[in-house]
Each structure stands twice: as structure tokens, then as C-alpha cells.
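Asker: sequence first, predicted model second:
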Amino acid sequence: MLYFLLEERDGIMGKVAVVTDSNSGITQAQGTELGIFVLPMPFMIDEEQFFEDVNLTQEQFYEKLEAGANVVTSQPSPEAVMNLWKEILTDYDEIVHIPMSSGLSGSCQSAMMMSEEFDGRVQVVNNQRISVTQKQSCMDALMLAGQGRNAAEIREILENDKFNSSIYIMLDTLFYLKKGGRITPAAAAIGTLLKLKPVLQIQGEKLDAFAKARTMKQARTLMLNSIQKELETRLGDSQCQYSHLAIAHTQNAEAAEEFRKELQEKYPSADIIVAPLSLSISCHIGPGSLAVTATRKMVEEYEVDQKQDRGILS
């Protein structure tokens, strides 16, 4: 596992580990490659416990979901979290723990309470991120550690940056929202009859209804226009020179790639990734969804980009 050395302060050298959960979309193999510890999220499926990317793959998850299995998300046990932290702290001095948004799960609040037993060595980040935006926070944390920031400083920077990100998600079906009790059966029936494609938004801590579209094409256009507005107004980056873009999906890779090409035409200089949405979201919205995200780069990343442009960093 990779790590970054902090710059020397008061004669002490420190190592900061970055920890997240599988809601970030980072697999166990990717975590090892990147230098990020990934806590697998537990799922109860027909009263049997599974762990994401350990004994539950994306393909297996959707097979069970579409077969009508009762899928319930769960928090990692306190023992699993604290044992992981203790193991990491035998090799590292500090931990930055980046869980999914506190508005979407209680795992963040639980982690914050557990961290009190570690005398400040574990800093839990509450920056309202999920899926590809949560992964970006992990990458930012690695970058900040490499620049010599300690765990408390990294947490503060990430939390101050929490509102510089948005996700828009188009649903292909209302069935799973109805099944989870998030909309009434009557509303789901009307939506299905009218063949509506609802668009949801995650900005900050909540998953909210944003708009309704009649077709997938109309929903994609709506999301593209919304991201353009975000870049122009709230993020102040109309040409997408200082922001990360991503396309995410639930078992909808072909449509996601088509959507990426459409977004790339609009912002030719942007580096746009495509990734599956985390299973914790997928179980509530079902397969066939598409999402687009915009996350403004932090000032610290501009400094790295500028040094690379000048040939200072290879």
C-alpha cells in the first residue's frame, strides 16, 4: 500500500493513510493500486449478508435485484471499522476517513463517534460526497497528503470544499423508488403510465427530485443543460478548465459511453471518466440509470497542474 510522507514539523515525520468505503466506487484492487484503504459496504439480501466487491460483484447484485430479492443496505459494523483503523495505525501515524454523505447514510456519524477513541489520529470527513465525487475526494486527500498536509488539515480542506460538486441522475424506472417507499404507489403508477424519466439531484447531503422528462434523450439534454449552468454560475468555470466531469450509471455502460461522447463534444478539453454508480444508490434506483457529475478542482490541484505545465513536475 502506498503512502505519502508529511513534511517535517517540529522534528516529527508523519504518514497519513486515506480510508474510504466501497460507496466511492473504488474496488479493492483499485484501492491497492491507488494507495487507498477501502472498507467494503455490507448488504443484506434475503436475510443473507454480502460485502461489496468481496463476495458480491456488480453483476451478482443486479441479478439478485432484478430477480426480486429483498436488498437492504447496511452500515459496516463498529468492529470492522475500528479493527481496520487499528491495523492501519500500526504502520501510519494518522488516518483521513472519507465515508459516504452523512445525508444518505448514518455511517458517517457512526465513524465520527468511533474516531473519538483515537485521540485525534483518525479524522472523519463529512463532505457530503458519494460515488465518483467521493472517489475524487479520496484522490484529493492523497494529493494533499503528498503536499505535506496532516490529517486534520486535509479534513478541514475537504469539508470546506463540499458544496463544489453536483450529481444529476436520470432513472429508467420508478419501480425501485416505490419498492423502497420513497414515492407512493400511486405516483409510481402515474409515472410509469406516462413513461416519465425522473431526474434526481445530489448537491450537499440530500438526494432530491429535480425534474421530469418524457424520454431518455430529453433527460440527457436536461442534465447536460443543468451541468452547463452549474459550471457557468456556481462553479465559475464555463469552459470546464478547472473542474472534473464524470458519467456514472447503473448497469448501463453502453448508454453511459454515448453520453460521455456527447459531453466530450461540449467540453473537448475535459477529462471525463465513466464509472458505475455505487451499489448503495443502485439498490434504490435500479438498473438503467445515467448520471453526470461536475466537481470543481481545488486550488491545491491548480498548483500541481501549473507545475506540470511548466515542466517542474514530471
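Answerer: Nice, I can see it. Computed from a predicted structure; not experimentally measured.
Asker: all helices for this protein, in order.
Answerer: In the chain, the helices defined using DSSP state H lie at 28-34, 58-66, 78-88, 107-115, 132-146, 151-160, 175-179, 185-193, 216-232, 253-266, 279-285, 299-309.
Asker: figure out which of these is closest to Asp21.
Answerer: helix 107-115 (6.9 Å; Cβ to Cβ). Backbone N, C-alpha and C define where each C-beta goes, glycine included.
Asker: list the buried residues of the closest one.
Answerer: In terms of neighbour count (16 or more other Cβ atoms under 10 Å), helix 107-115 has its buried residues at Ser107, Cys108, Ser110, Ala111, Met112, Met114, Ser115.
Asker: repeat for stretch 163-172
Answerer: Asn164, Ser165, Ser166, Ile167, Tyr168, Ile169, Met170, Leu171, Asp172.
Asker: between the residues you listed, which is closest to Arg296?
Answerer: Among these, and counting by Cβ to Cβ, the member closest to Arg296 is Asn164, at 4.0 Å.
Asker: hmm, the closest one is touching Asp237, no?
Answerer: No. Using Cβ atoms under 8 Å, Asn164 makes no contact with Asp237, being 9.9 Å away.
Asker: if I look at the spatially most central residue of the chain, how far off is Leu177?
Answerer: Closest residue to the average C-alpha location of the chain: Ser131 at 2.2 Å, with Cα atoms, centre = their mean. Going from Ser131 to Leu177 by Cβ to Cβ, to the nearest Å gives 17 Å.
Asker: which of the residues in stretch 74-88 are buried?
Answerer: Using 16+ other Cβ under 10 Å as the test for burial, stretch 74-88 gives Gln75, Pro76, Val81, Met82, Leu84, Trp85, Ile88.
Asker: next: stretch 139-156.
Answerer: Those would be 139-145, 147, 149-151, 153-155, for stretch 139-156 by 16+ other Cβ under 10 Å.
Asker: repeat for stretch 227-242
Answerer: Those would be Ile227, Gln228, Glu230, Leu231, Leu235, Asp237, Cys240, Tyr242, for stretch 227-242 by 16+ other Cβ under 10 Å.
Asker: tell me the mean pLDDT over that stretch?
Answerer: The average pLDDT within stretch 227-242 is 91.
Asker: ok, stretch 49-65 next?
Answerer: Stretch 49-65 comes out at a mean pLDDT of 93.
Asker: not counting its neighbours along the chain, what's nearest Ile167?
Answerer: Nearest non-adjacent residue to Ile167, counting by Cβ to Cβ, 6 or more residues apart in numbering: Ile202, 4.1 Å away.
Asker: which regions of this structure sit below the pLDDT cut-off?
Answerer: 1-14, 103-104, 178-195, 204-208, 300-314 (pLDDT under 70).
Asker: which residues touch the residue nearest to the centre of the chain?
Answerer: Counting by Cβ atoms under 8 Å, 6 or more residues apart in numbering, Ser131 touches Asn23, Ser24, Gly25, Ile167, Ala248, Ala275, Leu277, Ser278, Ile281, Ala291, Thr293.
Asker: distance between the ends of stretch 44-57?
Answerer: 14 Å (Cα to Cα, to the nearest Å).
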